[in-house]
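*Asks:* I'd like to go over a predicted model; first the sequence, then the structure.
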Amino acid sequence: MAEYAKDYTLPELMAATVAREFKDGEIAFIGVGMPLIAASVAKFTHAPNFNIMVEFGAFAYSPRRLPLCVDCAVNCERAYWTGTLRDVMSAQQAGFVDVACISGAQIDKYGNLNSTCIGDYYKPKVRLAGSGGANDLASSAKRTVIMMRQEGRRFVNKCDYITSPGYLDGPGAREKAGLPGGGPAAVITTMGVFRFDEETKEMYLEKIHPGVKLEDIKASVQWDLAVSPNLEVTEPPTEEQVLVMRTLDPVMVYLGNGRDVLAGDFERFIKMFEDSYPVMTELLKKKGMI
Amino acid sequence: MAEYAKDYTLPELMAATVAREFKDGEIAFIGVGMPLIAASVAKFTHAPNFNIMVEFGAFAYSPRRLPLCVDCAVNCERAYWTGTLRDVMSAQQAGFVDVACISGAQIDKYGNLNSTCIGDYYKPKVRLAGSGGANDLASSAKRTVIMMRQEGRRFVNKCDYITSPGYLDGPGAREKAGLPGGGPAAVITTMGVFRFDEETKEMYLEKIHPGVKLEDIKASVQWDLAVSPNLEVTEPPTEEQVLVMRTLDPVMVYLGNGRDVLAGDFERFIKMFEDSYPVMTELLKKKGMI
Amino acid sequence: MKFEPVTGDKGKAKPLANKVMTAKEAVSTFIKEGCYLGINVSAAPAALIWEIVRQRIGNLRVVITSQIGMSSVLLGCGLVSKLEMAYNWGGIEGEDRVFRRAAEHGVPRPVELEEYSNFGAALRWQAGAMGVPFMPTKSQLGTDIIKYNPKIKVIEDPYNGEPIALVPASNPDVAIIHAQRADEIGNVQCLGLYGNSDVLARAARHVIVSVEEIVTQGEIRRMPNLTTIPYIYVDAIVHAPFGAHWRESNYYYHHDLAYGLEVYKQWATKEGFDAWVEKYIYGTKDWDEYCKMVGYDRLYRLMQSEHRFQKYGEVRW
Amino acid sequence: MKFEPVTGDKGKAKPLANKVMTAKEAVSTFIKEGCYLGINVSAAPAALIWEIVRQRIGNLRVVITSQIGMSSVLLGCGLVSKLEMAYNWGGIEGEDRVFRRAAEHGVPRPVELEEYSNFGAALRWQAGAMGVPFMPTKSQLGTDIIKYNPKIKVIEDPYNGEPIALVPASNPDVAIIHAQRADEIGNVQCLGLYGNSDVLARAARHVIVSVEEIVTQGEIRRMPNLTTIPYIYVDAIVHAPFGAHWRESNYYYHHDLAYGLEVYKQWATKEGFDAWVEKYIYGTKDWDEYCKMVGYDRLYRLMQSEHRFQKYGEVRW
């Protein structure tokens, strides 16, 4: 295997860990943000035939710059197909999407996610974005990979609102509800990697990120968290993985404080985009993709 | 008004009569055959902004030759839009089609049409084409215009099979069945023009073609046919109408025995098509359409 | 890239691989005795149908919307046990005696019919493409289409309490489609109108597309909006120029009416049909031989004539 | 052709007439206090939304799928009484404090929410476009989206007996859409991905489309497959170059992230939002003035940069 990176950040570790969830030849449904970086890492390293569907109607694009949103012009770049949201969503509902990445502000032990509100729905303490496509991905993708920040109140006994279905209330519940997709396969957080027990559908800790303490993870989870008997430390990113991340996202828009850097700085932003043309062209050439 | 043609055929009379059912600015859903000729007559004479949707996915085409089928390459010629059958049918179901032309082998007094079978459905005496789009047009177009040959057994008390809905079993029946379209507005046959009573929804004879006897019409209708108190003779085609017909269909494919002429005669067929280019271009120019 | 057999191992999506093969390979690999076969009408996949006849693959359950002639070739050869359809007739070519013989007399074999309106039939593929069990429509209500087809269910719309018809999803085992162009990995671009090719391909388990031209992936990517069927749905690309003859392929050549009318005359009797099939299908070993029998001079003339009227990307005045 | 007011007298279809008008004319003619307004996201019709704000048309019932920023301009100005949505947030620009203030505190006014998944919301326009009362989907099942939205109905699919969710048709009074190009009679061509512009236009009673370029009818007819919205659905064409800024218009210019991030910073407080609107919307009399305030040099640079990566009809390596 390739060499591990000597120096990497926590977001880079997370992105690399998500990237390892993606297999060559798979079709993924990816929003923007860190999952997109992970998808690109997969494509440029171990999974060259890994292809991405984008929510607002694009497939298998191969851009030479960072996509900024799911309806972004970048998603058309060198795409095999562009069109409507319904066509992409229909493909997913019909079972053509192998893996999708979603997130949320709360998660429960069955992997149900809340991205709608904290507190009462009609009098929210914090109002969040709403489902967007997250519910659709969680309903129909063959499996989902969940990325989350892991902080105090996020791993809850009961979500204030279930936006995106995990295993609902346990074994058999997805089938009973009529959901075609397979449900969550992994939860990758700032602290570790979680999976779901095949029988009970309950989340358990599989891997712990380097330097994170088990007691801190347990303290951040409201229920009595099961831990794998073979608990391992998360594999670090490889040199190559980190190189791809830094090539695609040099200002760390998704992997660091890039948004603070770019806010109001048009010259810096446009330079980031324009610089990416030769750099990404070279990467694509090196990988035999053009 | 324009001058009437001194010499014209029965199909030309029928096509002109159908053409007069079309109003400027309307959207029509037209199959091939004589209704297409009628639509072109309307467009080149009194209704320049009359536009045609074609079943397999084209809109507002403006060809310089005779379309041969509803999925014909000709229908793409100078079209504003080409795409799918569902898009055209959806537009119709949503109420965007003002008028549609359909036909059948049997019709009853409520304008219900049979184009599926003569005799028992499971043991048909004669098996026919089936609905195709006829049922869809009859269900959803704001009004339909029916063209038929009028012979012995075609105007029946009860259709052997109702393929395309007229007024079903009378007033209120379409609404009760959930049909959005308005139902048949006129039936134009080889013998005359029929309309439907606003109250009873029963068909009555409004006009009789020149030279046809009322008793012959009555004899060809199984029920006791009502006749308009103001029974008129059908207006003959104008010189201009006939000119358009003969320009578009010089070999009388739809208006005469052209199919017998062309069967197996490739040179004659290709010449018909190729000759139509300069002739139709001239007509379009004359009408200010190009 | 070389042809490698395509498997569905990694999911429903077909791989990004070279899928170019001959009609013979494609038909023998994907179309099996007794399978559920979807056929699109715009454009009509004549080259693929002729090949099914050559390979004598029978007991097919065929699903179409409206077909002119091509489905009747299968009916007349006795290869169809059931036909799900909106329309099976000759259009401008007139009465379809092959269909009449099958439906009225069970000749050469009985065929079960299941009927819809054209929109109803198309929505079945749309439901299949979307992964839902049905689609709603206002077509077919109040008529004998529903009376004789219990698969169309009329329910009370829960929003307004009005009747609405549901048609069940159709997911063919194999779809055969003719289109204008594709790249070698199976991204298909239909030009002009294309009926229901998009949803048929998405609904079917396996998809064979014959095309007028094979183009580069770069050409596909120039205008991704034109991609009607992305590669993930496609198992096989068959290069078959004039592959819809005697029907048309938009912008490539038009309907050969002189030929179609003559064919229908011959098909008026069973003997005539059998003789026609013997000569034009069994008598040719592949589509290229069929084209030679029709005559490339004739086919080329059809193309030249079409280009006089229209070429894609141009407006000709 | 000259602008003539468009009426629906002859049916639902809009006439074949010159429909080019200013944003001011289009908005004042078709968008009324209290109307049901549909907004597409790809591309975002910023020029039209700014104009609604300038004309202070309020009590709007707004229907979106997922919106970033643009719908929040209306919310923050207190013009929205109800929002039917799947998502209203900042995407890469982050937390939408304008939406939070409205939803959490009713500031500047309370807003009722009706929520769907993205696909669910899109299918509502598809149902509206098709003239059916609902569409079926497997999304949303088993979740609180259905619990808190009684308009989503779960029925037992009559074919397999499994649960399926129905979403009700949405037919907005007016749709506002930004697209790449159109001719003067209203044939609109969207290039690249376009979300749900096609069905939103077909579902709405009136349709206003702002475009980057007005082209000839001949240019539209060159490639009729690219026509996303035929003229029969369109009431008004507004020429608004850079009309989606700070969002992108595929192949014309990309997302101005530096600007969007800065906007979201300012919107973090009500005072910041009000000041931003005062300067950029009330402080400009039309879109051209807004563009001058942003700077055409900046906008032109966004376009040049986009063209470095892609132009429609080319593949750039």
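*Replies:* Nice, I can see it.
*Asks:* going forward, measure contacts between C-alpha atoms and count neighbours the same way
*Replies:* Noted.
*Asks:* just the strands in the stretch 201-317 of chain C please.
*Replies:* C:206-214, C:227-229, C:236-239 (DSSP state E, counting those that start in this stretch).
*Asks:* how about the CA coordinates for the strand or helix carrying C:T29, as CSV?
*Replies:* If you go by DSSP states H and E, C:T29 is part of helix C:23-30. Provided in CSV are the C-alpha atoms of helix C:23-30 (Å, rounded to 0.1, in the frame of the first residue of the first chain):
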residue,chain,number,x,y,z
ALA,C,23,-26.2,-7.4,-33.1
LYS,C,24,-25.6,-11.2,-33.0
GLU,C,25,-23.6,-11.0,-29.8
ALA,C,26,-25.9,-8.5,-28.1
VAL,C,27,-29.1,-10.4,-28.9
SER,C,28,-27.7,-13.8,-28.0
THR,C,29,-26.2,-12.5,-24.8
PHE,C,30,-29.2,-10.6,-23.4
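*Asks:* same for it, what does it pack against?
*Replies:* Applying 3 or more CA pairs under 8 Å, 6 or more residues apart in numbering or on different chains; DSSP states H and E, we find helix C:23-30 packed against helix C:46-54, strand C:206-214, strand C:236-239.
*Asks:* need the strands of the stretch 201-317 of chain C in TSV (columns: mean neighbour count and mean pLDDT).
*Replies:* Shown next, in TSV, are the strands of the stretch 201-317 of chain C (neighbours: other CA atoms under 10 Å in any protein chain shown; pLDDT from 0 to 100):
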stretch	mean neighbour count	mean pLDDT
strand C:206-214	26	98
strand C:227-229	24	98
strand C:236-239	28	98
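*Asks:* figure out which of those is closest to chain D.
*Replies:* strand C:227-229 (9.9 Å; CA to the nearest CA).
*Asks:* nearest spatial neighbour of C:Y259, skipping sequence neighbours?
*Replies:* By the measure of CA to CA, 6 or more residues apart in numbering or on different chains, the closest residue to C:Y259 outside its immediate chain neighbours is B:G264, 5.5 Å from it.
*Asks:* for A:R20, same thing?
*Replies:* Nearest residue to A:R20 in three dimensions, chain neighbours excluded: A:A42, at 6.9 Å (CA to CA, 6+ apart).
*Asks:* do you know how far that neighbour is from chain D?
*Replies:* 22 Å (CA to the nearest CA, to the nearest Å).
*Asks:* what lies in contact with the helix or strand containing that residue?
*Replies:* Under the criterion of DSSP H and E, A:A42 resides in helix A:34-44. By CA atoms under 8 Å, 6 or more residues apart in numbering or on different chains, the list of residues contacting helix A:34-44 from outside reads A:11, A:15-20, A:22-24, A:30, A:48-52, A:101, A:147, A:241, A:244-245, A:248-249, A:254-255, A:287.
*Asks:* ok, now stretch A:59-69?
*Replies:* Taking CA under 8 Å, 6+ apart as the rule, stretch A:59-69 contacts A:31-33, A:51-53, A:73-82, A:248-249, A:273, A:276-277, A:280-281, D:91-92, D:255, D:257, D:309.
*Asks:* just the residues you listed: which are in strands?
*Replies:* Of the positions in the contacts of stretch A:59-69, A:51-53, A:81-82 sit in strands, assigned by DSSP state E.
*Asks:* related to what we said a few turns ago, show me which of the contacts of helix A:34-44 are buried.
*Replies:* Buried residues within these, counting neighbours by 16 or more other CA atoms under 10 Å in any protein chain shown: A:11, A:15-20, A:22-24, A:30, A:48-52, A:101, A:147, A:241, A:244-245, A:248-249, A:254-255.
*Asks:* and the residue nearest to A:R20, how far from A:P278?
*Replies:* 21 Å (CA to CA, to the nearest Å).
*Asks:* out of those two, which sits in the more crowded spot?
*Replies:* A:A42 (26 against 13; other CA atoms under 10 Å in any protein chain shown).
*Asks:* can you get me a residue count around residue 112?
*Replies:* Picking chain A for this. For A:N112, using other CA under 10 Å, the count is 25.
*Asks:* if you could check chain C rather than the one you did, that'd help
*Replies:* Counted with other CA under 10 Å, the neighbours of C:E112 add up to 15.
*Asks:* send me stretch C:217-231 as CSV with only the CA atoms.
*Replies:* Presented in CSV, the C-alpha positions along stretch C:217-231 are these (Å, rounded to 0.1, in the frame of the first residue of the first chain):
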residue,chain,number,x,y,z
GLN,C,217,-16.8,10.4,-25.4
GLY,C,218,-15.6,13.9,-26.1
GLU,C,219,-18.4,14.4,-28.7
ILE,C,220,-21.0,13.3,-26.1
ARG,C,221,-19.5,15.7,-23.5
ARG,C,222,-19.7,18.6,-25.8
MET,C,223,-23.4,18.8,-25.2
PRO,C,224,-24.4,16.7,-22.2
ASN,C,225,-28.1,17.9,-22.4
LEU,C,226,-28.4,15.7,-25.5
THR,C,227,-27.6,12.5,-23.7
THR,C,228,-30.9,10.7,-23.6
ILE,C,229,-29.5,7.5,-22.0
PRO,C,230,-26.4,7.7,-19.8
TYR,C,231,-24.1,4.7,-19.9
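*Asks:* so who does C:S117 touch?
*Replies:* Counted by CA under 8 Å, 6+ apart, C:S117 has contacts B:131-136, C:85-87, C:139-140, C:145.
*Asks:* please apply the same query to A:V156.
*Replies:* A:106-109, A:221-223.
*Asks:* swap in 10 Å and give it another go.
*Replies:* A:106-109, A:112-113, A:220-223 (CA atoms under 10 Å, 6 or more residues apart in numbering or on different chains).
*Asks:* do the same with C:A275
*Replies:* C:266-267, C:269, C:281-282.
*Asks:* C:I52 now?
*Replies:* C:23-24, C:27-28, C:31-32, C:46, C:58, C:74, C:79, C:281.
*Asks:* again, but for A:S276
*Replies:* Counting by CA under 10 Å, 6+ apart, the residues that A:S276 touches are A:63-66, A:247-250, A:270, A:282, D:309.
*Asks:* got it, and A:L284?
*Replies:* Applying CA under 10 Å, 6+ apart, the residues contacting A:L284 are A:44, A:62-64, A:278, A:290, D:317.
*Asks:* what subset of the residues you listed is buried?
*Replies:* A:44, A:62-64.
*Asks:* nearest to chain C, of those?
*Replies:* Nearest member of these to chain C, counting by CA to the nearest CA, is A:S62, at 10.4 Å.
*Asks:* so which of the contacts of A:V156 belong to strands?
*Replies:* If you go by DSSP E, the contacts of A:V156 have A:106-107, A:113 in strands.
*Asks:* ok, back up a step: take the contacts of helix A:34-44 and keep only those in strands.
*Replies:* Using DSSP E, the contacts of helix A:34-44 in strands are A:51-52, A:101, A:147.
*Asks:* of the residues you listed, list those near chain C.
*Replies:* Filtering the ones in strands among the contacts of helix A:34-44 for proximity to chain C by CA under 10 Å from any CA of the partner chain leaves A:N51.
*Asks:* can you tell me which of the ones in strands among the contacts of helix A:34-44 is closest to chain B?
*Replies:* A:I52 (25.5 Å).
*Asks:* quick check: the gap between that closest one and D:L79.
*Replies:* Taken as CA to CA, the span from A:I52 to D:L79 is 38 Å.
*Asks:* many thanks, we can stop here.
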